[in-house]
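Novice: Coordinates only, no sequence provided:
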């Protein structure tokens, strides 16, 4: 144990996770607080409808989003480092134009879909206009170029402020709605405005940073080879596919559950998932710190990489198993404190999916290893497996499925996804350990 805790890689991962975690933890607390106030304004059915409205917009944005920030950083980092600001400006303008056009088209299509086919996801016709209104967030959700500018210029502090600002504005909005005894539409306005203002804040920050770096005044240059022909579009489409699965899984599951089991079940699922995600957040932060360490160790001897993976894996189990047990035992209490007695159905669901935590922690480690090794296919297959199995179970059982059955389906799907990741991860670690032949 003492040798394990002295592992320099593990210590760096824990230290960097702590540095990044403060803003995220504060943002998560504000988000939970806004959920708690919202749950006390709305009954479970209306809360479920709010989550369905939000899921429609998030699903549309996830499908349409090209992860333009990744393209801006990928193609713009080299010219930025050599002070070729004109080329960076040209790339930024091109990507921003793509974001703008795609975002507006996605907003229009999302609004038209929900107005025409709201009943498919159990949204009553008389509130379909609220779901369409929620699609106003889509253009700003799709736009990734502000994030790209902030990442390119190392202004992560401003992104941390945004992670506090969005839930902070939402909390203020729903508190006003609570004091006024406002109906569902007022809560929708509070949530929509918080998303719009939070994303708009990133644009303001990006423009301010770009001005300070002379990016706005630089004459637009050209990045010939990087963005000529289909190179840029191939990159954008590739990142779109992976991100659609990653960011679209939660809203898609919400819509499927709502369509089959009704708004109340969708609300219970989203509430239980929110509490689960709050526990999972430190693991996601840790993986951001682990990624560069894994990338550096790829060139090292296989035994050292295997040792680090074993230490990180054991640490995750020591954290996730007790956390799962606590969630399992206290699910009803946590839900009652957060949302009230009316939402106890979410507690029965949470008590089952609490045991997905070990699988999700280990899967995050395996995914980080695969991405650090340049293997992006396995994480995509794992996400597709989890979503595919869960959706299949819901559609197969239909409205006969209870929340307990739903939890079991999600539990099985999570461990199946882990298996898809663990098998190639262990195989790659074993190959790295094998001695190289002298032939």
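Specialist: Cool, got the structure. Model, not experiment: these values are computed from the prediction.
Novice: what separates the closest residue in space to residue 334 that isn't next to it in sequence from residue 24, distance-wise?
Specialist: In space, and not counting its chain neighbours, residue 334 is closest to residue 275: 5.9 Å by Cβ to Cβ, 6 or more residues apart in numbering. Quick note: C-beta positions are derived from backbone N, CA and C, even for glycine. Noted for residue 275: a distance of 16 Å to residue 24, by Cβ to Cβ, to the nearest Å.
Novice: Name the residue in those two with the higher neighbour count.
Specialist: Taking neighbours as other Cβ atoms under 10 Å, residue 275 and residue 24 compare with residue 275 leading, 22 against 17.
Novice: Give me the pLDDT for the more buried one.
Specialist: Residue 275 carries a pLDDT value of 92.
Novice: Was I right to think it contacts residue 336?
Specialist: No - Residue 275 is not in contact with residue 336 according to Cβ atoms under 8 Å; the separation is 11.6 Å.
Novice: Over to the residue nearest in space to the middle of the chain. Which of the three states is it?
Specialist: In the chain, the centroid-proximal residue (Cα atoms, centre = their mean) is residue 247; its distance is 4.9 Å. Assigned with DSSP: H, G, I helix; E, B strand; the rest coil, residue 247 falls in the helix class.
Novice: Confirm for me that it is in contact with residue 58.
Specialist: Yes - under the criterion of Cβ under 8 Å, residue 247 is in contact with residue 58, at a separation of 7.4 Å.
Novice: Secondary structure element holding residue 256?
Specialist: According to DSSP states H and E, residue 256 maps onto helix 231-261.
Novice: Quick check: which ranges of the stretch 101-250 of the chain have low pLDDT?
Specialist: Within the stretch 101-250 of the chain, the stretches with pLDDT under 70 are 217-230, 238-239, 242.
Novice: mind listing the helices in it by residue range?
Specialist: 128-134, 138-142, 145-152, 156-179, 184-212, 224-227, 231-261 (DSSP state H, counting those that start in this stretch).
Novice: Mind listing residues that contact stretch 176-187?
Specialist: 37, 38, 40, 41, 42, 46, 49, 50, 127, 130, 174, 190 (Cβ atoms under 8 Å, 6 or more residues apart in numbering).
Novice: how near is the fifth one to residue 343?
Specialist: Put plainly, it is residue 42. 10 Å.
Novice: The second one too?
Specialist: With distances taken as Cβ to Cβ, residue 38 is found 11 Å from residue 343.
Novice: so what sits against both of those two?
Specialist: Going by Cβ under 8 Å, 6+ apart, residues that sit against residue 38 and also against residue 343 are residue 47.
Novice: Those two: which is more packed in?
Specialist: For the pair residue 38 and residue 343, the greater number of neighbours falls to residue 38 (25 against 22), based on other Cβ under 10 Å.
Novice: ok, the more buried one - contacts?
Specialist: With Cβ under 8 Å, 6+ apart, residue 38 has these contacts: 47, 50, 174, 187, 191.
Novice: Mind putting those into CSV with neighbour count?
Specialist: CSV is the format used below for the contacts of residue 38 (neighbours: other Cβ atoms under 10 Å):
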residue, neighbour count
47, 28
50, 26
174, 26
187, 25
191, 24
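Novice: what about residue 339, how many neighbours?
Specialist: For residue 339, the tally of surrounding residues (other Cβ under 10 Å) stands at 27.
Novice: wait, what's in contact with it?
Specialist: Per Cβ under 8 Å, 6+ apart, neighbours of residue 339: 35, 36, 39, 40, 47, 271, 346.
Novice: three-state assignment of residue 383?
Specialist: Going by three-state DSSP: residue 383 is helix.
Novice: so what's it closest to, chain neighbours aside?
Specialist: Nearest to residue 383 is residue 245, by Cβ to Cβ, 6+ apart, at 4.3 Å.
Novice: Give me the neighbour count for that neighbour.
Specialist: 19.
Novice: I'd assumed residue 381 was in contact with it.
Specialist: No - using Cβ under 8 Å, residue 245 is not in contact with residue 381; the gap is 9.6 Å.
Novice: Residue 35 and residue 98: what is the separation?
Specialist: Distance from residue 35 to residue 98, by Cβ to Cβ: 34 Å.
Novice: out of these two, which sits in the busier spot?
Specialist: More crowded of residue 35 and residue 98, by other Cβ under 10 Å: residue 35, with 23 against 20.
Novice: Who are the contact partners of that one?
Specialist: Per Cβ under 8 Å, 6+ apart, neighbours of residue 35: 271, 274, 338, 339.
Novice: And it, which helix or strand is it part of?
Specialist: Here residue 35 is assigned to helix 8-41, by DSSP H and E.
Novice: Between helix 184-212 and the helix or strand just after that helix, find me the angle.
Specialist: Once helix 8-41 ends, the next helix or strand along the chain (criterion: DSSP H and E) is helix 44-64. Helix 44-64 and helix 184-212 are oriented at 30 degrees to each other (axes from the mean of the first three to the mean of the last three Cα atoms, to 10 degrees).
Novice: need the contact list for the residue nearest to the centre of the chain.
Specialist: 58, 61, 62, 65 are the contacts of residue 247 under Cβ under 8 Å, 6+ apart.
Novice: Let me have those in CSV, adding neighbour count, pLDDT and distance to residue 152 as columns.
Specialist: What follows is these, written out as CSV (neighbours: other Cβ atoms under 10 Å; pLDDT from 0 to 100; distance: Cβ to Cβ, whole Å):
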residue, neighbour count, pLDDT, distance to residue 152
58, 24, 94, 26
61, 27, 93, 22
62, 24, 90, 23
65, 25, 85, 18
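Novice: out of the residues you listed, who's nearest residue 144?
Specialist: Nearest to residue 144 out of these is residue 65 (Cβ to Cβ; 6.7 Å).
Novice: hang on, the earlier thing: most neighbours out of the contacts of residue 339, which is it?
Specialist: That'd be residue 346 among those, by other Cβ under 10 Å, with 31 neighbours.
Novice: Please, which helix or strand holds that residue?
Specialist: Going by DSSP H and E, residue 346 is in helix 344-353.
Novice: That helix: how far from the chain's middle?
Specialist: 22 Å (Cα atoms, centre = their mean, to the nearest Å).
Novice: which other helices and strands contact that helix?
Specialist: The contact analysis (3 or more Cβ pairs under 8 Å, 6 or more residues apart in numbering; DSSP states H and E) places helix 344-353 against helix 263-297, helix 302-339, helix 403-433.
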